[in-house]
Each structure stands twice: as C-alpha cells, then as structure tokens.
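**Student:** need coordinates for the following:
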Amino acid sequence: MAGRTVSAYVSDDIAESVILEARREERSPGQIAALLVPDHLEAAREAARLVHLEVEAEPHDAVLIEDHPGRYRPDAVNPSYRTDTDEGDVEAALASSTVTVDATYRTPAEHNNPMEPHATTARWEGDRLTVFDSNQGATPVQQSLAVLFGIDEDDVEVVSPHVGGGFGSKGTPRPTVVAAAMAARVVGRPVRLGATRQQMFAFVGYRTPTIQRVRLGSTADGRLTAISHEVVEQTSRIKEFAEQTAVATRTMYAGANRRTTPRLARLDVPTPSWMRAPGECPGMFALESAMDELAAATGVAKSTMANKAALIRRTLQLGPLEPELCRRELLARHPYAWLVEIDGFIVDVRALPQPLQDDARHRGLVPTWPGSAVPR
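**Tutor:** A predicted model of the protein is given here:
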C-alpha cells in the first residue's frame, strides 16, 4: 500500500467484482468462470461455445420462502435507513380496530436490462489503466479498479460519455469492467468486453423478489388505527444488499401505531442491487394494494384528506396537533407555503394531489378568484 493513495470510500460492490477470488462454496449461477480473448467477436463466441465446464452439484439453497430458517435482521437497509421501526402498540390497535386487512403479497425478481448492455474497452500503458466503460458513476469504478489492481487512483482513467441506459445496474462497477482490465493486462493490448443479453440476467444486479405481509386496522369511517409491514427478501452469500422495501410505509399514511420489519435470507443466488425506485416499487405495491382492500371493506376512498395531509406532518416530524405551533414551524421552513388546517393537521396544500387541491379550494380553505388554481 505504500506509495499509492486510495480514497476512504470504495464501492462495496468491490467484493462481487473480484470474480476470480470468490470462495468455492460462495459460487452462484452466472459467475464468470473463464475469459477467452481471440482477435474477433465471432471467434470469441465460437471459442466460448467450445468450452466445456464440469460442474459438481452441491447442496444449495436458492428459493426464497416466507419462513426461511436463516432469515435475519440486517443492521441497516439501503442506503442507510434504520432496519426496524415500531411506534405505539400495533397488536393492541389491530385487536381493537373495527375493520382489519391481513394480506400477503409476493413480487418476483426484476432485471434492469437496459438497451445497451454493460460493455468496456480496457487499455494499459505501463501501470496506467484507461477504461471506456458504460456506467452511471465513473468515480466508484475508478476507485474500485485502483484497489483491485494495486495502483494509484490517479493512474486509473474512466471514460464514460454515454450511459446507454442503466436503471441502477450501472451505478457500481460490475465484473465485466474488472474482467476486461484483467484480460488487457494479460494479453498486453486493448480488450473490449461486452455482456451478452443472456448474461445481463446473471451478474449485473436485479431487484430482489419479496414476500410482504401488510396488516391494516381502521375505524368504520376509514381512519387508520394500525399499520404493520413485514418484509422477507433475499441477498447473496458473498455480499449483503437489503432493499428498503418497507421504508415508504413509515411516512405515507397517518397512524399512531405502526411497525415495519424487513428481514433477509442469504441464498445461493447473485447479489441483488439497485433497480429503478429501489424499495418504493415493491413496497408501495404491497401497501397500496392493502389500502385498496381496506377502502373496499370500509367504503371510504383511501386518498382521504386527513391521510394525505398527515404525510407532510410526518415527513417534517412535527408533533401532534397544536395547529398554531405547527403553522409557525412550517412557515419557518417553507415561507411560501399555502398552509391550511385539515382535520387537525397543518398541511401545505400544494403538496396534495390535484383532486384534493381542488377539494380544498371548493371548501374555501385557500383563496379563490376567477380562473385561479392553488398556487404551486
């Protein structure tokens, strides 16, 4: 390490990028086993077709189940949210609720698969490495390659003028950029390596499948009294990734009793990673589906004024009621807000969906004049 500098921050995907150093028992389908470097693409494809791998099947665990015996509580969820939240007494509130919903939702794995696959051209000039790479973050690629190849960060140049689509999968370095740099160093000439469409399902990340149990309790008129969101999802054995599936549930709707509990199961699978709207996409699907069930059971539309208004209060972490105090605190933070009191909550009307803005105007809660709309 003497004589070279390495940033304090290096992408934690570096563990997965060290493709030739994974321990035998940590291998998963799709890991790179060999790299062939002929002169032409056609020759490379034919050479890969001729390679025969002898694989010994060993006991493995690759299926996510709700009661997986190895599920555990991670220290944090992506990127650094606290793992569990627990407010009030959820079980007592559910027991005393007039209407309850208890539903389990399952979402499948989803793959980013942008139009342009992960592709790299790597070139060495002495100990200086240049990579022309399709990525969403040149700095993490530079830092990781410097550590992997034992060179100074200033001796790694990452050129990435175009991303070609990524949806999160190109946010961190992947095995392709490492393999290209390794091959270029071995053969002593520039090497171009691109993932095939089939390989895009193997080693560039994906959204974890989820199993989510959502329990809701409410009064007869639809006011929420309890919210519980339990999540089970998978990660790999080589690296932990905990998608923030239940985080949106912590702020979306008002409710004094709320619990969110994400859990992981380490499986013999590739490592999940970022995919467009990580956490919110599967988590909101489950929460909003349960809210639809509750709306059907109570006959009350889920987008009630009180529930949506509470989003602002919870997001700003304001105390309950005390309307004038809340008004002063909100105005101090947002001097141009249009603040109104709705069912005991102070809310900036501009933050509400358009139908609720219109409703607030019709109820005389905001100024109106000919042709006016709620200011934005």
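**Student:** what are the boundaries of the helices in the protein?
**Tutor:** Secondary structure of the chain by DSSP state H: the helices cover 14-17, 41-50, 90-96, 138-149, 175-187, 280-298, 305-315, 323-333, 354-362.
**Student:** put the alpha carbons of the fourth one into CSV.
**Tutor:** Spelled out, that is helix 138-149. Included here for helix 138-149 are C-alpha records, laid out as CSV according to Å, rounded to 0.1, in the frame of the first residue of the first chain:
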residue,chain,number,x,y,z
ALA,A,138,-17.1,6.9,-13.1
THR,A,139,-15.6,7.7,-9.6
PRO,A,140,-16.7,4.4,-8.0
VAL,A,141,-15.3,2.5,-11.0
GLN,A,142,-12.0,4.3,-10.7
GLN,A,143,-11.7,3.7,-7.0
SER,A,144,-12.5,0.1,-7.2
LEU,A,145,-10.2,-0.7,-10.1
ALA,A,146,-7.3,1.1,-8.2
VAL,A,147,-7.8,-1.1,-5.2
LEU,A,148,-8.2,-4.3,-7.2
PHE,A,149,-5.1,-3.8,-9.3
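**Student:** okay, now the closest residue in space to Tyr206 that isn't next to it in sequence: neighbour count?
**Tutor:** In space, and not counting its chain neighbours, Tyr206 is closest to His111: 4.7 Å by CB to CB, 6 or more residues apart in numbering. Yep, even glycine has a C-beta here, placed from its N, CA and C like the rest. With neighbours defined by other CB atoms under 10 Å, the count for His111 comes to 15.
**Student:** tell me if I'm right that His111 and Pro209 touch.
**Tutor:** No. Using CB atoms under 8 Å as the test, His111 is too far from Pro209 to be in contact (11.5 Å).
**Student:** now for the closest residue to Gly222 other than its chain neighbours, how many residues are close by?
**Tutor:** Excluding the flanking residues, the one nearest Gly222 by CB to CB, 6+ apart is Val300, at 3.0 Å. For Val300, the neighbour count with other CB under 10 Å is 18.
**Student:** isn't Val300 up against Met291?
**Tutor:** No. Applying CB under 8 Å, one finds Val300 not in contact with Met291, separated by 10.5 Å.
**Student:** that older thread, distance of the residue nearest to Tyr206 from Ser236?
**Tutor:** 15 Å (CB to CB, to the nearest Å).
**Student:** now Trp124
**Tutor:** 31 Å.
**Student:** contacts only, for Thr249.
**Tutor:** Val214, Ile227, His229, Arg258, Thr260, Gly283, Leu287 (CB atoms under 8 Å, 6 or more residues apart in numbering).
**Student:** got a list of what the second one touches?
**Tutor:** By that I understand Ile227. When contacts are counted by CB under 8 Å, 6+ apart, Ile227 touches Val90, Val214, Arg215, Leu216, Gly217, Thr249, Tyr253, Gly255, Asn257, Arg258, Arg259.
**Student:** could you redo the last one with a cut-off of 10 Å?
**Tutor:** 87-88, 90, 93-94, 214-218, 249-250, 252-260, 287, 290-291 (CB atoms under 10 Å, 6 or more residues apart in numbering).
**Student:** among those residues, name the buried ones.
**Tutor:** 90, 93-94, 214-218, 249-250, 252-255, 257-260, 287, 290-291 (16 or more other CB atoms under 10 Å).
**Student:** so which of those residues sit within strands?
**Tutor:** Val214, Arg215, Leu216, Gly217, Ser218, Arg258, Arg259, Thr260 (DSSP state E).
**Student:** so how far is Ala246 from the residue lying closest to the first one once chain neighbours are set aside?
**Tutor:** Just to be clear, that refers to Val214. Counting by CB to CB, 6+ apart, the nearest residue to Val214 once its immediate chain neighbours are dropped is Ala290, at 4.0 Å. From Ala290 across to Ala246, the span is 12 Å (CB to CB).
**Student:** just Leu224 next, same as before
**Tutor:** 16 Å.
**Student:** so which of the two has more stuff around it?
**Tutor:** The residue with more neighbours, out of Leu224 and Ala246, is Ala246; 29 against 25, by other CB under 10 Å.
**Student:** what residues are up against the more buried one?
**Tutor:** Counting by CB under 10 Å, 6+ apart, Ala246 touches 77, 81, 83-85, 210, 212, 214, 228-231, 233, 259-262, 279, 282-283, 286-287.
**Student:** cool, and Thr85?
**Tutor:** Neighbours of Thr85 in contact, by CB under 10 Å, 6+ apart: His229, Ala246, Val247, Thr249, Arg250, Arg258, Arg259, Thr260, Thr261.
**Student:** what pLDDT is listed against it?
**Tutor:** Turning to Thr85, the model gives it a pLDDT of 94.
**Student:** beta partners for it?
**Tutor:** Beta bridges link Thr85 to Thr260, judged by DSSP bridges.
**Student:** against Thr245, how distant is it?
**Tutor:** Where Thr245 is concerned, Thr85 sits at a distance of 13 Å (CB to CB).
**Student:** overlap in contacts of those two?
**Tutor:** Counting by CB under 10 Å, 6+ apart, the residues touching both Thr85 and Thr245 are His229, Thr260.
**Student:** run through the strands of the stretch 51-200 of the chain in chain order.
**Tutor:** Remark: strands assigned in the stretch 51-200 of the chain by DSSP state E, counting those that start in this stretch are 76-77, 81-82, 85-87, 99-107, 119-125, 128-133, 156-159, 191-194.
**Student:** lovely, talk soon.
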